[in-house]
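Engineer: structure of the sequence below:
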Amino acid sequence: MDDDLPRPRPDDTLAALVRQDLDRLSLTELDERIATLEAEVARTRAKRAGAATFRSAADALFKR
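Structural biologist: Below is the predicted model:
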């Protein structure tokens, strides 16, 4: 199962992403990379917003 495989730590993945040589990428590949990274930023922001909402609801519930 995929759940049994160790997941890469986010900092390892980000470090590898930052180290990637961009000089070898074409304009199209660079555009695709930008689009992918922008989509990931949007996904991360949405996840953070959901987590913040959940946290606020939990805080409100337990601060009665």
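Engineer: tell me where the chain has helices.
Structural biologist: When assigned using DSSP state H, the helices of the chain occupy the ranges 10-19, 27-62.
Engineer: worst mean pLDDT among those helices?
Structural biologist: Lowest mean pLDDT within those: helix 10-19, a mean of 85.
Engineer: could you dump the helices of the chain to a markdown table with mean neighbour count and distance to residue 4?
Structural biologist: In this view, the C-beta of every residue, glycine as well, is placed from N, C-alpha and C. Compiled in a markdown table, the helices of the chain are given as follows (neighbours: other Cβ atoms under 10 Å; distance: least, Cβ to Cβ, whole Å):
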| stretch | mean neighbour count | distance to residue 4 |
| --- | --- | --- |
| helix 10-19 | 9 | 19 |
| helix 27-62 | 10 | 24 |
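Engineer: okay, residue 16 and residue 55: tell me how far apart.
Structural biologist: For residue 16, the distance to residue 55 equals 30 Å [Cβ to Cβ, to the nearest Å].
Engineer: for residue 4, that is, sorry about that
Structural biologist: Taking Cβ to Cβ, one finds residue 4 at 30 Å from residue 55.
Engineer: repeat for residue 36
Structural biologist: As for residue 36, its distance to residue 55 is 28 Å (criterion: Cβ to Cβ).
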